[in-house]
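S.K.: Fold the following.
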Amino acid sequence: MKFQLLLIIMLLAVATFNSFILIFKREKNIVGYKFLYASLFFYNFCLFIYFVWFEAGFIIEVPQLMRTISPLMYLCAPFFYFFIRNYLFGFSGLRKRDWIHFLPALIHLLDLLPFYFESAQVKSVFATTIVSDNSKINFEAGGLIPIQFHYLFRIFLQTGYFVYSIYLVKKMRPEIFNFNKGNLQIYDLTIVLINFGWLVLFQFTYAILEVLINFGAIDLTVENYYLRRISLLGLLGLNLFVNFRAEFFSERKKKKKARVAEVDNHKIQIQDIKNPGESVAYIQSFKEQQDVISQKEIGLIKSQIISKMEGEQIFTEIGMTLNQFANRINISPKLVSLVINREFDKNFNEFLNQYRIAYAITQIEEGYLDDYTLEALGETSGFNSRTTFFNAFKKERGCSPSEYWKKFQECPS
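M.R.: From the prediction side, this is the model:
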């Protein structure tokens with residue numbers, strides 16, 4: 001076995017094992033971070049199997065396993081998209097309609113069933129052919145649908161997921177593309193996008209060139225061979241990131257939460273004080289301790305907060321936390337919490353819900369509930385559950401959303 005091939009196999013073996021462990025590692029990362037680990041696992045595992053079976057030739061020893069891994073290759077890009085989406089919108093886990101993203105893998109699995117029932121002798125012939133000429137892997141040993149279609153469709157699908165992910169990032173977090181911010185969280189997501197983009201770009205280029213080669217339009221077989229290996233650099237970068245940078249990032253998040261806990265601790269202590277006089281005195285004491293901030297600075301921070309709320313309607317993002325909001329305006333959570341308390345006489349969640357309820361009311365008055373449910377209205381307004389929505393609405397307006405809607409229908413003026 002060539003040294004280069006052996007090195008690639010060893011690196012992919014380590015990466016596969018490590019990404020698998022990370023998926024099940026019990027730690028609190030940023031929202032949806034484990035989906036990045038899952039995406040990496042499928043990439044690492046599928047490429048590891050490819051190099052061991054077809055480039056090293058071990059599939060000849062076990063031809064019965066031909067194409068058993070092929071459907072899993074459809075899962076790489078969707079899990080990366082889940083990571084980006086959950087990161088941006090503060091979601092956790094999968095959404096109701098996410099099963100759609102698994103359909104290509106399921107269809108490919110069903111498509112290959114006739115091939116799986118072929119004899120070992122038939123599969124052995126295919127295995128020998130592909131090992132002798134690796135370029136045949138995308139043409140031989142297919143199911144009812146030509147294997148070449150699956151290969152090209154998967155590459156284009158992967159590219160589509162990446163392009164849409166970039167669109168979402170650009171729409172929701174335009175500052176992420178600013179390399180001069182000096183914000184570590186922004187820098188991390190930028191690195192993820194660059195590495196995954198590298199992988200997607202070279203795999204897409206490889207696929208296009210391979211089609212042209214097969215049609216006899218060009219002869220770049222050698223160049224295409226190296227393109228496939230160059231694409232692995234993006235995967236290597238992602239693996240290094242999740243092993244070192246992401247872990248450091250997780251620790252940083254914990255430290256930031258500890259700092260925010262200092263501010264939140266004041267709120268808890270205030271709630272625990274039963275004597276109203278003591279409560280007022282405690283609040284006054286806390287504010288006096290924070291008077292080192294000038295009124296001008298408070299005014300600037302206040303305007304940024306309002307701009308994010310009213311201009312970008314950031315409150316509609318489900319799961320928005322004080323930390324996440326503070327990161328958006330590049331101000332410490334402690335200062336954001338202090339300004340909201342001083343200027344609006346509310347804690348962060350109350351302040352957020354005030355905007356969400358106002359937004360929900362506007363939607364009701366514009367006829368949103370004529371076509372959609374109350375649950376959908378709550379989710380659109382930024383609430384993560386029907387109960388939270390109803391409780392917040394009743395606290396703010398003195399009635400439930402359904403009661404408000406009924407009153408509005410009776411007297412829309």
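S.K.: which element is Leu5 on?
M.R.: Per DSSP states H and E: Leu5 is located in helix 3-24.
S.K.: Return the set of buried residues in that helix.
M.R.: Taking 16 or more other C-beta atoms under 10 Å as the neighbour-count basis, helix 3-24 is seen to contain the buried residues Ile8, Ile9, Leu11, Leu12, Ala15, Thr16, Asn18, Ser19, Phe20, Leu22. For glycine as for every other residue, the C-beta is placed from the backbone atoms N, C-alpha and C.
S.K.: and that helix, average pLDDT?
M.R.: Across helix 3-24, the average pLDDT comes to 90.
S.K.: Tell me the helix or strand right after it.
M.R.: The helix or strand immediately downstream of helix 3-24 is helix 33-50, counting by DSSP H and E.
S.K.: Next, the angle from that following helix to helix 3-24.
M.R.: Using axes from the mean of the first three to the mean of the last three C-alpha atoms, to 10 degrees, the inter-axis angle of helix 33-50 relative to helix 3-24 is 150 degrees.
S.K.: Contacts for the helix holding Leu5 next, please.
M.R.: Helix 3-24 is contacted by residues 34, 37-38, 40-41, 44-45, 47-48, 51-52, 55-56, 229, 232, 235-236, 239, 242-243 when judged by C-beta atoms under 8 Å, 6 or more residues apart in numbering.
S.K.: Any idea how far it is from the middle of the chain?
M.R.: In terms of C-alpha atoms, centre = their mean, to the nearest Å, the gap separating the centre of helix 3-24 from the centre of its chain is 23 Å.
S.K.: Would you map out the domains in the protein?
M.R.: Taking automatic domain parsing as the criterion, the chain consists of the domains 3-256, 290-410.
S.K.: how about the helices in the stretch 201-350 of the chain?
M.R.: Along the stretch 201-350 of the chain, the stretches classed as helices by DSSP state H, counting those that start in this stretch are 221-240, 246-272, 276-289, 295-306, 322-328, 333-344, 348-365.
S.K.: Do I have it right that Phe315 meets Thr380?
M.R.: No: the pair formed by Phe315 and Thr380 falls short of the contact definition of C-beta atoms under 8 Å, at 11.2 Å.
S.K.: Compare neighbour counts for the two and give me the winner.
M.R.: Neighbours were tallied for Phe315 and for Thr380 using other C-beta atoms under 10 Å; the higher tally belongs to Phe315 (22 against 16).
S.K.: For Ala358, see how far away the more buried one is.
M.R.: The gap separating Phe315 from Ala358 is 9 Å, by C-beta to C-beta, to the nearest Å.
S.K.: now swap in Pro78 and tell me
M.R.: When C-beta to C-beta is applied, the distance between Pro78 and Ala358 equals 36 Å.
S.K.: With distance to Ser332 added, can I get the buried residues of helix 3-24 in JSON lines?
M.R.: As requested, the buried residues of helix 3-24 are arranged in JSON lines below (distance: C-beta to C-beta, whole Å):
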{"residue": "Ile8", "distance to Ser332": "45"}
{"residue": "Ile9", "distance to Ser332": "47"}
{"residue": "Leu11", "distance to Ser332": "40"}
{"residue": "Leu12", "distance to Ser332": "41"}
{"residue": "Ala15", "distance to Ser332": "36"}
{"residue": "Thr16", "distance to Ser332": "39"}
{"residue": "Asn18", "distance to Ser332": "34"}
{"residue": "Ser19", "distance to Ser332": "33"}
{"residue": "Phe20", "distance to Ser332": "37"}
{"residue": "Leu22", "distance to Ser332": "30"}
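S.K.: Going by distance to Tyr167, which of those residues wins?
M.R.: Ser19 (26.2 Å; C-beta to C-beta).
S.K.: Identify the residues contacting the nearest residue to Leu369 once chain neighbours are set aside.
M.R.: On the basis of C-beta to C-beta, 6 or more residues apart in numbering, the spatially nearest residue to Leu369 that is not a chain neighbour turns out to be Trp405, at 5.4 Å. Taking C-beta under 8 Å, 6+ apart as the contact definition, Trp405 lies against Ile364, Leu369, Leu374.
S.K.: Over to Met66?
M.R.: Counted by C-beta under 8 Å, 6+ apart, Met66 has contacts Ile59, Phe115, Lys123, Phe126, Ala127, Ala141.
S.K.: Disregarding flanking residues, what is the spatial nearest neighbour of the fourth one?
M.R.: Sequence neighbours aside, Ala141 is the residue nearest to Phe126 in space, at 3.9 Å (criterion: C-beta to C-beta, 6+ apart).
S.K.: try Asn323
M.R.: Nearest in space to Asn323, with sequence neighbours left out and distances taken as C-beta to C-beta, 6+ apart, is Pro333 at 5.3 Å.
S.K.: pretty sure the one you found contacts Ile340?
M.R.: No: with contact defined as C-beta under 8 Å, Pro333 and Ile340 do not form a contacting pair (10.5 Å).
S.K.: From Phe153, how far off is Gln4?
M.R.: Here the criterion is C-beta to C-beta. By it, Gln4 lies 30 Å from Phe153.
S.K.: now Ile21
M.R.: The gap separating Ile21 from Phe153 is 31 Å, by C-beta to C-beta.
S.K.: now swap in Lys395 and tell me
M.R.: Distance of Lys395 to Phe153, computed by C-beta to C-beta: 50 Å.
S.K.: if we can go back for a sec, which of the contacts of Met66 lies closest to Ala207?
M.R.: When the contacts of Met66 are compared for distance to Ala207, the smallest value, 18.5 Å, is given by Ala141; criterion: C-beta to C-beta.
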